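1. Please work out how this folds:
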Amino acid sequence: MTSTPPSPPHRTGTSSSSSSNPIQYSQANASAQAPPPKPPAPAVSILPGQLARVYSFAHPVLLLALLTVRFGKFVEDPVGELLGDLPVLAGLQVLYAVLCLPPAGAPSLKAGGGEASSSGEGTFLRPGRVGLRRKHAKEVGISVKVVPALIALTLTTLLATPILSILLVLFGAPLTTHNLETILCAAHMAVLSATALVYVHGVDGSTWREVWGVARPADAVWGGALGTGVGAWFGAVPIPLDWDRPWQAYPITILTGAYIGYAVGSLISRSSWLFGKRIQFTPEVEEDMDKKTE
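-> Alright, predicted model coming up:
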């Protein structure tokens, strides 16, 4: 008499777990193959040349000098003065970007305008033609820096000006009157704050999310943009006061505060105790998350 061996015990849930294994495996495989997240853009340093360093300090002083010299005319005729000073401001901002800042997506640049890369890319001349080679490198360096600066100025004028005009109205600017004053004030603030940002960061989405989230590391570019907004906000304080002064009229104090805020922000953000650091609104939450991941 033969006996059959006992069958293995039936385990409940085996079929369901085995059926879900391929899905879990595919999800794990997809997560393993997913590209790592793009690291945030670092703080922007001023170009290392002597001309760049000198002008980076002189530029805020020139803007404040322009405001001081033209302030009387600004009070008398805000629209005419804002319109006349806008090309001067745009030229100074483009000059600052070209002389002092690295353009977005470009190779490392020397302060003199040539490329710091030694790959020889863009040099098509025979050995010994030193003069022509240097001339060609200089032309490449100028085009790499000037063209992005003009594009940044154009994008700033077309995109940032309407956005800031809407924000000014939302924060209390007149809606049915003083429309030219609002648009010109927004144009000045846009050129002050956004030209250098577009020049060094381009249109990278992650970087601009940091900009709107006030999460960029401190540098001269971000400090100037943040200082423009903070200065304009403080500049609106004297408008409702009953001092009855001509300079209290809209938008004189707002734009004055924006210029002062830009100068102060761009200078102090370059200091060793602020450069590269970020504003942390919720440090407790970040510390808790770090402890959980350890």
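2. hey, let's count contacts and neighbours off CA atoms from now on
-> Noted.
3. for Val203, helix, strand, or coil?
-> Under the three-state scheme (DSSP: H, G, I helix; E, B strand; the rest coil), Val203 adopts coil.
4. where along the stretch 101-250 of the chain do the helices fall?
-> In the stretch 101-250 of the chain, the helices defined using DSSP state H, counting those that start in this stretch lie at 130-155, 161-170, 179-201, 205-212, 220-235.
5. nearest to Lys73, of those helices?
-> helix 179-201 (14.4 Å; C-alpha to C-alpha).
6. what is the orientation angle of that closest one with helix 220-235?
-> If you take axes from the mean of the first three to the mean of the last three C-alpha atoms, to 10 degrees, helix 179-201 sits at 160 degrees to helix 220-235.
7. in helix 179-201, what counts as buried?
-> For helix 179-201, a neighbour-count test (16 or more other C-alpha atoms under 10 Å) marks 181-201 as buried.
8. same deal with stretch 64-77?
-> Leu64, Leu67, Phe71, Phe74, Val75.
9. Just the pLDDT at the first one, thanks.
-> Just to be clear, that refers to Leu64. Here, the pLDDT recorded for Leu64 equals 96.
10. residues contacting it?
-> Tyr259, Ile260, Ala263 (C-alpha atoms under 8 Å, 6 or more residues apart in numbering).
11. Repeat that for the third one.
-> With contacts defined as C-alpha under 8 Å, 6+ apart, Phe71 has no neighbours.
12. tell me which element it is part of?
-> Taking DSSP states H and E as the definition, one finds Phe71 inside helix 50-76.
13. And the contacts of stretch 211-222?
-> Applying C-alpha under 8 Å, 6+ apart, the set of residues contacting stretch 211-222 is 42-46, 196-197, 207, 210, 265-270, 274-280.
14. just checking, what packs against the helix or strand harbouring Gly84?
-> According to DSSP H and E, Gly84 maps onto helix 78-100. Using 3 or more C-alpha pairs under 8 Å, 6 or more residues apart in numbering; DSSP states H and E as the contact test, the elements touching helix 78-100 are helix 50-76, helix 130-155, helix 179-201.
15. so which of the ones you listed gets nearest Pro102?
-> Nearest of the helices and strands packed on helix 78-100 to Pro102, taken as C-alpha to C-alpha: helix 179-201 at 6.0 Å.
16. CA atoms of that closest one as PDB?
-> This file holds the C-alpha atoms of helix 179-201, laid out as PDB (Å, rounded to 0.1, in the frame of the first residue of the first chain):
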ATOM      1  CA  ASN A 179      -1.900 104.900 -15.300                       C
ATOM      2  CA  LEU A 180       1.200 106.300 -17.000                       C
ATOM      3  CA  GLU A 181       2.900 106.700 -13.600                       C
ATOM      4  CA  THR A 182       2.100 103.100 -12.700                       C
ATOM      5  CA  ILE A 183       3.400 101.700 -16.000                       C
ATOM      6  CA  LEU A 184       6.600 103.800 -15.900                       C
ATOM      7  CA  CYS A 185       7.200 103.000 -12.200                       C
ATOM      8  CA  ALA A 186       6.800  99.300 -13.000                       C
ATOM      9  CA  ALA A 187       9.200  99.600 -16.000                       C
ATOM     10  CA  HIS A 188      11.900 101.200 -13.800                       C
ATOM     11  CA  MET A 189      11.400  98.500 -11.100                       C
ATOM     12  CA  ALA A 190      11.500  95.700 -13.800                       C
ATOM     13  CA  VAL A 191      14.700  97.000 -15.300                       C
ATOM     14  CA  LEU A 192      16.300  97.400 -11.900                       C
ATOM     15  CA  SER A 193      15.300  94.000 -10.600                       C
ATOM     16  CA  ALA A 194      14.900  91.600 -13.500                       C
ATOM     17  CA  THR A 195      17.400  92.400 -16.100                       C
ATOM     18  CA  ALA A 196      20.400  90.900 -14.300                       C
ATOM     19  CA  LEU A 197      18.300  87.900 -13.200                       C
ATOM     20  CA  VAL A 198      17.300  87.000 -16.700                       C
ATOM     21  CA  TYR A 199      20.900  87.600 -17.900                       C
ATOM     22  CA  VAL A 200      22.500  85.200 -15.500                       C
ATOM     23  CA  HIS A 201      19.700  82.600 -15.100                       C
END
